[in-house]
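Novice: Need coordinates for the below:
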Amino acid sequence: MIGLNDVISQTISFIKNFPWADTVEPVLQTLVTPGWWQLLLCFFACSVLMIISLNAIEKNGFQGTVVGTLIMPYFSGFPNLCFAYLMAQKGSDGAVVLENCLVNNVTTLTIILAIPAMLWGLNLFKGRKPNDSETRVNRLSLVLSLLAMVFFGAAVFVVSRDGTIDTTDGMLLVGLFLFWQLYHVFDVLKNKTRSDAKIRPRIWFDLLVVGLCAWGIFSSIDSLVEWVSSRETGIFSRHHLGVLSGILMVMPNALLAFFYSAANRSDIAYSSQIGDCHICIPLCIGIFALFSPITVYSGLQLSLYVLTGAAAVHFIFLIFSGRLPRSAGLVLTGLYGFFIYKGSF
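Specialist: Numbers count the residues shown, from 1 in each chain. Model prediction:
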């Protein structure tokens, strides 16, 4: 069967007979073998389009907290799931996946939420009354999600004490995640019954667009992983694949946080980031461990300590003020700088 690349190759051979071949041929060659910058462009374009579609999903029937806790985390965390799958397919060491997930979560809870806090402020009460029932429910939901994240991190720490996260440990981690998601599903059904909210049919189109964007993200990640894995020296090399992939795959989270913070929807900005952390820990780690044991890398404890410290900062400010002030953003930025300096590059 003739594939797409064969058709393009034959087209290039035919075009060479024309005077303008020197102009068109490089364009077709780029389509066949895109470079790293085209792959990054595809990754970011799909991420932006995904955000637009997720915003439409909220307007077509889902409440902000539902989008933040049940929908956005799966799609913003989709790159991490893709990375775990690709590493399993290539037979790579699970330590790279573990590092990817921890770098993703630390980055999300520190610098990704710190920058919007310093620019626009993350205030759950902005434009609302502090005693408003919906605002109080959102705050309690965020606090519970933070506590769950700390619990999941503690679970990873416990199962990794022997230096390996094996199949049994993976079953435990995946089971914890599924139980947590079932809780959210029943909570959503309960709130929907109370509010009698209607979901518009267009939401299925938006979900389809989000799915296509997820496919584009997966394809670009696959090629970028191949590109980095082929390099032996420098920062952009296979030796730093876990860290580099963790930073890259947090970019959709950053776009979500910046967009909703600028739109004065701090509840979605917060819940989407915390929900994404749940996708990485425990789901990505647990799924990989089901098929291949993960060897614990040396920076695990440092990552979990920084993650717990960042969660404690968010917990304190959410409980006592319902917002993340600019000073806390500076503290989280410094914490992220310390993490990169001590444990990554």
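
Novice: Could you identify the longest helix within this protein?
Specialist: Longest helix of the chain, by residue count under DSSP state H: helix 167-195.

Novice: Report the buried residues of that helix.
Specialist: Residues of helix 167-195 classed as buried by neighbour count (16 or more other C-beta atoms under 10 Å): 169-170, 172-174, 176-177, 180-181, 184, 187-188, 192. Bear in mind the C-beta positions are built from the backbone N, C-alpha and C, glycine included.

Novice: I'd like those as CSV, with distance to residue 217 and pLDDT appended.
Specialist: Listed next are the buried residues of helix 167-195 as CSV, based on distance: C-beta to C-beta, whole Å; pLDDT from 0 to 100:
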residue, distance to residue 217, pLDDT
169, 28, 95
170, 24, 93
172, 29, 95
173, 24, 95
174, 22, 94
176, 26, 94
177, 21, 92
180, 24, 89
181, 21, 86
184, 23, 76
187, 28, 73
188, 25, 67
192, 29, 60
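
Novice: returning to what we had before: which helices and strands does the longest helix of the chain pack with?
Specialist: Applying 3 or more C-beta pairs under 8 Å, 6 or more residues apart in numbering; DSSP states H and E, one finds that helix 167-195 contacts helix 133-159, helix 285-291.

Novice: Which strand or helix spans residue 213?
Specialist: Taking DSSP states H and E as the definition, residue 213 sits inside helix 203-229.

Novice: related to what we said a few turns ago, closest one to residue 101 out of the buried residues of helix 167-195, please.
Specialist: For the buried residues of helix 167-195, the minimum distance to residue 101 (C-beta to C-beta) is 10.9 Å, reached by residue 173.

Novice: Could you measure from the closest one over to residue 342?
Specialist: 26 Å (C-beta to C-beta, to the nearest Å).

Novice: re the thing from before, of the helices and strands packed on helix 167-195, which is nearest residue 98?
Specialist: So among those, helix 285-291 is nearest, using C-beta to C-beta, at 6.0 Å.

Novice: which of the residues in that closest one are buried?
Specialist: Of the residues in helix 285-291, 285, 286, 287, 288, 289, 290 count as buried by neighbour count, 16+ other C-beta under 10 Å.

Novice: For the residues you listed, give me a markdown table that also has distance to residue 310 and pLDDT.
Specialist: Listed next are the buried residues of helix 285-291 as a markdown table, based on distance: C-beta to C-beta, whole Å; pLDDT from 0 to 100:
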| residue | distance to residue 310 | pLDDT |
| --- | --- | --- |
| 285 | 18 | 94 |
| 286 | 22 | 92 |
| 287 | 24 | 90 |
| 288 | 24 | 92 |
| 289 | 24 | 92 |
| 290 | 28 | 90 |
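
Novice: Among those, which one lies nearest to residue 46?
Specialist: So of the buried residues of helix 285-291, ranked by how close each gets to residue 46 (C-beta to C-beta), first place is residue 287, at 22.3 Å.

Novice: got a list of what the closest one touches?
Specialist: Going by C-beta atoms under 8 Å, 6 or more residues apart in numbering, residue 287 touches 81, 84, 170, 174.

Novice: follow-up on the earlier one: out of the buried residues of helix 167-195, which one sits closest to residue 265?
Specialist: When those are ranked by distance to residue 265 (C-beta to C-beta), residue 188 comes first, at 18.1 Å.

Novice: I'd like to know how many residues surround residue 151.
Specialist: 12 (other C-beta atoms under 10 Å).

Novice: any idea how far residue 119 is from it?
Specialist: From residue 151 across to residue 119, the span is 31 Å (C-beta to C-beta).

Novice: now swap in residue 276 and tell me
Specialist: With C-beta to C-beta as the criterion, residue 276 and residue 119 are 20 Å apart.

Novice: neighbour-wise, which of those two wins?
Specialist: Counted by other C-beta under 10 Å, residue 276 and residue 119 do not tie: residue 276 has more neighbours, with 30 against 13.

Novice: so residue 159 touches residue 165, yeah?
Specialist: Yes: with contact defined as C-beta atoms under 8 Å, residue 159 and residue 165 form a contacting pair (5.6 Å).

Novice: neighbour-wise, which of those two wins?
Specialist: A direct count of neighbours by other C-beta under 10 Å for residue 159 and residue 165 places residue 165 higher, at 28 against 22.

Novice: and the more buried one, bridged to which residues?
Specialist: Using DSSP bridges, the beta-bridge partners of residue 165 come out as residue 294.

Novice: pLDDT-wise, which helix or strand of this structure ranks last?
Specialist: Within the chain, judged by mean pLDDT, DSSP states H and E, the helix or strand with the poorest mean is helix 64-66; its value is a mean of 52.

Novice: Would you quantify the distance from the closest residue to residue 239 other than its chain neighbours to residue 241?
Specialist: Spatially, and ignoring its direct neighbours in sequence, residue 239 is nearest to residue 232 (7.9 Å; C-beta to C-beta, 6 or more residues apart in numbering). Separation of residue 232 from residue 241 (C-beta to C-beta): 12 Å.

Novice: So for those two, which sits in the more crowded spot?
Specialist: Taking other C-beta under 10 Å, residue 232 and residue 241 do not tie; residue 241 has more neighbours (21 against 8).

Novice: Contact partners for the more buried one?
Specialist: Counting by C-beta under 8 Å, 6+ apart, residue 241 has contacts 96, 225, 228, 229.
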